[in-house]
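Asker: Provide a 3D model corresponding to the input given below.
(one chain, ligands or ions: 1)
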Amino acid sequence: MEKIHAVYNSRFSNLHEIKISPLSRAYTFSDSVYEVIPFSNSEIIAFDKHILRLEKSCNALDLLLDFKKTTKEILELISISNLKNGYVYYQVSRGVDDIRSHIFSDNLSIETFGYVVEHVFKSQKLKVMLCKDLRWHRCDIKSTSLLGNILSMNNAKKKDCDEVIMHKDNILTEGGASNVFFTDSKTVFTPSLSKNILPGITREILINEIKDAGIEVVEDEFNINDLKKAESIWLTSSTKGLAQVSDIVDLEVDLKEDHPLYLRCNKIFKDKFLGSC
Ligand code: PMP
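Answerer: Residues are numbered from 1 along each chain as shown. Down below sits the predicted model:
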């Protein structure tokens with residue numbers, strides 16, 4: 001098996017050699033948060049924003065993480081991997097219980113775990129399924145508790161789809177592992193942030209860059225009808241970049257592939273963040 005550089009509770013080793021307790025609260029309760037930090041051409045994309053979001057997730061769970069140590073570990077993983085393009089997965093759990101109990105004891109030590117793998121951004125056209133958002137009311141926390149996303153995305157896979165676009169009572173929220181953007185001929189639209197949406201870093205840096213380039217961006221509440229009228233739709237994430245939606249099953253859409261506005265936004269993003277990747 002190929003070596004994957006990893007770190008568990010600050011000890012570096014091969015991912016496949018790490019042993020964890022089944023009483024880790026990450027395992028029994030998903031009592032844990034995580035980040036996915038991409039790097040391209042040896043440059044980390046929006047590192048500070050990822051660390052800040054991890055801090056917010058930890059604060060939401062009252063996890064007292066040593067951010068200096070975490071930052072050093074993430075940098076060290078990238079450095080020892082010798083990779084130019086990839087991402088670090090980093091997870092923070094409340095710790096390991098003596099026995100499974102919903103209510104955690106006061107003396108738990110935080111448990112951290114990370115690894116680095118190669119990943120190259122590729123141009124993708126995604127087939128997407130529209131579905132009800134089954135999730136809880138704090139999707140703004142980047143928790144490892146992703147059962148709603150997982151059930152929906154795997155149902156979508158049965159229909160030969162790569163992703164989902166979710167809605168709560170007809171109001172669009174986000175993708176299963178991405179944020180949603182759509183356009184008419186000249187304006188870019190995306191659901192505004194709320195407790196039902198993860199504040200995606202790709203979403204944030206894309207909005208900043210395209211606004212700077214003079215493109216109008218509207219963040220608001222949108223519904224399925226708005227999506228029907230879209231000329232182009234794309235999904236954003238730290239591993240996808242901007243991925244075009246080619247079709248939505250069970251929804252009548254008339255999407256123009258390689259829409260000029262998509263191409264312009266994608267070029268702005270690639271030029272700024274992906275270097276020559
Ligand atoms: N929403 C969800 C539910 C996600 O899982 C992700 C990717 N982790 C995103 C949005 C996009 O966030 P980011 O751009 O920070 O990767």
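Asker: quick check: beta-bridge partners of residue 188?
Answerer: Counting by DSSP bridges, residue 188 forms beta bridges with residue 183, residue 217.
Asker: pull the residues that contact stretch 158-175.
Answerer: Under the criterion Cβ atoms under 8 Å, 6 or more residues apart in numbering, residues 124, 126-133, 135, 139, 149, 152-153, 155-156, 176-178, 180, 191, 196-198, 200, 221-224, 226-227, 233, 235, 237, 243, 245, 248-249 lie in contact with stretch 158-175. For the C-beta atoms, the positions are set from N, CA and C on the backbone; glycine is no exception.
Asker: just checking: which of these also lie near the ligand?
Answerer: Under the cut-off given by Cβ under 6 Å from any ligand atom, the ligand has 149, 177-178, 198, 200, 237 from the contacts of stretch 158-175 close to it.
Asker: in CSV, list those residues along with neighbour count.
Answerer: Output for those, formatted as CSV (neighbours: other Cβ atoms under 10 Å):
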residue, neighbour count
149, 20
177, 19
178, 25
198, 22
200, 25
237, 22
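Asker: for the residues you listed, work out which two are farthest apart.
Answerer: The span of those, defined through Cβ to Cβ, is set by 149 and 200 at 13.4 Å.
Asker: secondary structure and distance to residue 83 for the ones next to the ligand among the contacts of stretch 158-175 - can I get that in CSV?
Answerer: Shown next, in CSV, are these (DSSP: H, G, I helix; E, B strand; the rest coil; distance: Cβ to Cβ, whole Å):
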residue, secondary structure, distance to residue 83
149, helix, 27
177, coil, 22
178, coil, 23
198, coil, 25
200, coil, 23
237, strand, 19
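Asker: as CSV, those with pLDDT and distance to residue 55 would be great.
Answerer: Shown next, in CSV, are these (pLDDT from 0 to 100; distance: Cβ to Cβ, whole Å):
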residue, pLDDT, distance to residue 55
149, 98, 23
177, 98, 21
178, 98, 22
198, 98, 15
200, 98, 16
237, 98, 20
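Asker: who are the contact partners of residue 197?
Answerer: 139-140, 173-174, 179, 191.
Asker: report all helices and strands that the helix or strand where residue 58 lies contacts.
Answerer: Using DSSP states H and E, residue 58 sits in helix 47-60. Secondary-structure packing of helix 47-60 (3 or more Cβ pairs under 8 Å, 6 or more residues apart in numbering; DSSP states H and E): strand 32-40, helix 67-81, strand 86-93, helix 201-212.
Asker: let's have those in CSV, adding mean neighbour count.
Answerer: Compiled in CSV, the helices and strands packed on helix 47-60 are given as follows (neighbours: other Cβ under 10 Å):
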stretch, mean neighbour count
strand 32-40, 23
helix 67-81, 16
strand 86-93, 22
helix 201-212, 18
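Asker: was I right to think residue 47 contacts residue 37?
Answerer: Yes - with contact defined as Cβ atoms under 8 Å, residue 47 counts as touching residue 37 (6.6 Å).
Asker: can you work out which residues contact both of the two?
Answerer: Common neighbours of residue 47 and residue 37 (Cβ under 8 Å, 6+ apart) are residue 74.
Asker: re earlier: could you dump the contacts of residue 197 into CSV and include neighbour count?
Answerer: As requested, these are exported to CSV (neighbours: other Cβ under 10 Å):
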residue, neighbour count
139, 22
140, 17
173, 20
174, 28
179, 25
191, 23
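Asker: so which of these comes closest to residue 267?
Answerer: If you rank those by distance to residue 267 using Cβ to Cβ, residue 179 comes first, at 19.0 Å.
Asker: dihedrals phi and psi, the nearest residue to residue 190 once chain neighbours are set aside?
Answerer: Among residues not flanking residue 190 along the chain, residue 181 sits closest, at 4.7 Å (Cβ to Cβ, 6 or more residues apart in numbering). Phi and psi for residue 181, reported as degrees, to the nearest 10, are phi -130, psi 150.
Asker: now do the contacts for whichever residue of the stretch 51-200 of the chain sits closest to the ligand.
Answerer: Here the stretch 51-200 of the chain gets closest to the ligand at one residue, residue 200, 3.1 Å apart by Cβ to the nearest ligand atom. By Cβ under 8 Å, 6+ apart, the residues touching residue 200 are 174, 178-179, 236-238.
Asker: closest to residue 269 out of the residues you listed?
Answerer: Among the contacts of residue 200, residue 236 lies closest to residue 269 (Cβ to Cβ), at 8.5 Å.
Asker: having no further points to raise, I will conclude here.
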